[in-house]
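*Asks:* sequence and predicted structure, then a few things I'm wondering about:
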Amino acid sequence: MTTHGLTLVGEGFSPWTEKARWALDHHRILYRYEEYTPLLSEPWLRIRAGRGSGTISVPYLLGGDGLSLGDSFAIAREADRRGNGSLVPEDQIDEITTWNERSERLMRAGRARILAQTEENRELQIESLPSQLPQALRSMLAPTVRIGTAHLRKKYAVRPVPDEELEPDLAAIRAAIAGDPSRPLLGRFTLADIAMATALQAVRPHRSEPAGLLPAQREAWARPELAARWEDVLAWRDAMIRHRSEA
Ligand SMILES: N[C@@H](CCC(=O)N[C@@H](CS)C(=O)NCC(=O)O)C(=O)O
């Protein structure tokens, strides 16, 4: 297997990372995946990315040829370039950008919720620690996770997002699919579908994707009352993910 020197640095539980992975996988682009831990992994990522200052986030795509991309939308466009396009067709770029902005809003709402829950819940703190840490240390180190959540709160200016604020973006999906749970948002499968399907993790995660979302995290991302009002939209998301695994 050759990855052409591509490394994707990401967080296994993150919808942004999942979006980038889906776009790369869609084009069957091979890459090495590397798990990122906030704060701890940042210096090494900065060195390899050639970004000594400024904000840096994951997913981050690094290439042996100097490729250095730190945004899921940019990574998806790169995947499209390498894979001879189809996810971001030029004639639909404006609509796809609008869907991408909707997905960002949902994902940011998800981040606000999971950070708040992680600050309260010890099980979530333990799950958030790097997986290579031995079991005996995990319980002891659980409170240190709050250093990471405080850092992320500040970095992303996180504020609580009530359920109602998510509804206009969910209504946009409902209108676009018009009762057909397997209809792509723009009539053909594009990055709009990937972005929104992954972002719906902020309403209720899919039962098994992303695989890096651990059990307590999966429960904590869910907004059950909101999800109950948008089952048709969640069924559409499930159909998109089925389509991904069948492809
Ligand atoms: N607009 C960016 C947002 C990415 C983002 O918010 N990443 C967060 C969540 S995965 C992150 O890197 N968190 C860890 C950190 O900032 O250290 C994208 O689409 O890639």
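*Replies:* Looks like it came in fine.

*Asks:* alpha carbons only for contacts and neighbour counts from here, please
*Replies:* OK.

*Asks:* what residues does this protein have near the ligand?
*Replies:* 11, 14, 16, 38, 39, 57, 58, 59, 71, 72, 73 (CA under 6 Å from any ligand atom).

*Asks:* list phi and psi for the fifth one.
*Replies:* This means residue 39. With angles defined as degrees, to the nearest 10, residue 39 sits at phi 70, psi -60.

*Asks:* from residue 125, how far out is the nearest residue to it once chain neighbours are set aside?
*Replies:* Closest residue to residue 39 apart from its sequence neighbours, by CA to CA, 6 or more residues apart in numbering: residue 148 at 7.0 Å. Note on residue 148: its distance to residue 125, by CA to CA, to the nearest Å, is 10 Å.

*Asks:* more neighbours: which of those two?
*Replies:* Using other CA atoms under 10 Å as the criterion, residue 148 and residue 125 rank with residue 125 on top: 24 against 18.

*Asks:* surely the more buried one is in contact with residue 119?
*Replies:* Yes: using CA atoms under 8 Å, residue 125 is in contact with residue 119, at 7.4 Å.

*Asks:* shared neighbours of the two, anything?
*Replies:* 145, 146 (CA atoms under 8 Å, 6 or more residues apart in numbering).

*Asks:* residue 96 - how many residues pack around it?
*Replies:* 23.

*Asks:* doesn't it belong to a helix?
*Replies:* Yes: under DSSP: H, G, I helix; E, B strand; the rest coil, residue 96 falls within a helix.

*Asks:* which residue packs closest to it, ignoring adjacent ones?
*Replies:* residue 192 (5.3 Å).

*Asks:* now stretch 220-231: average pLDDT?
*Replies:* Summarised as a single mean, pLDDT over stretch 220-231 is 98.

*Asks:* coming back round to it: now, which of the residues of the chain next to the ligand lie within helices?
*Replies:* Within the residues of the chain next to the ligand, residues falling in helices by DSSP state H are 16, 72, 73.

*Asks:* ok, these vs residue 216, which is closest?
*Replies:* residue 16 (19.3 Å; CA to CA).

*Asks:* circling back to that earlier point, may I have the phi/psi pair for the residue nearest to residue 39?
*Replies:* Backbone torsions of residue 148, given as degrees, to the nearest 10, read phi -70, psi -40.

*Asks:* doesn't residue 41 make contact with it?
*Replies:* No: Residue 148 is not in contact with residue 41 according to CA under 8 Å; the separation is 11.7 Å.

*Asks:* and the next element down the chain from the helix or strand that contains residue 171?
*Replies:* Per DSSP states H and E: residue 171 is located in helix 167-177. Next helix or strand after helix 167-177 toward the C-terminus (DSSP H and E): helix 191-199.

*Asks:* so what touches that next one?
*Replies:* 15-16, 18-19, 22-23, 76, 87-88, 96-97, 99-100, 102-104, 106-107, 184-186, 237-238, 240-241.

*Asks:* also stretch 113-124?
*Replies:* 125, 142-143, 145-146, 149, 153, 160-161, 216-217, 220-221.

*Asks:* now do stretch 66-86
*Replies:* Counting by CA under 8 Å, 6+ apart, 16-17, 19-20, 23-24, 27-29, 49-50, 56-62, 87-88, 100, 190-191 sit against stretch 66-86.

*Asks:* hang on, residue 8 in a helix?
*Replies:* No: assigned with three-state DSSP, residue 8 falls outside any helix and is strand.

*Asks:* tell me the contacts of it?
*Replies:* Residue 8 touches 31, 32, 33, 34, 59, 60, 61, 62, counting by CA under 8 Å, 6+ apart.
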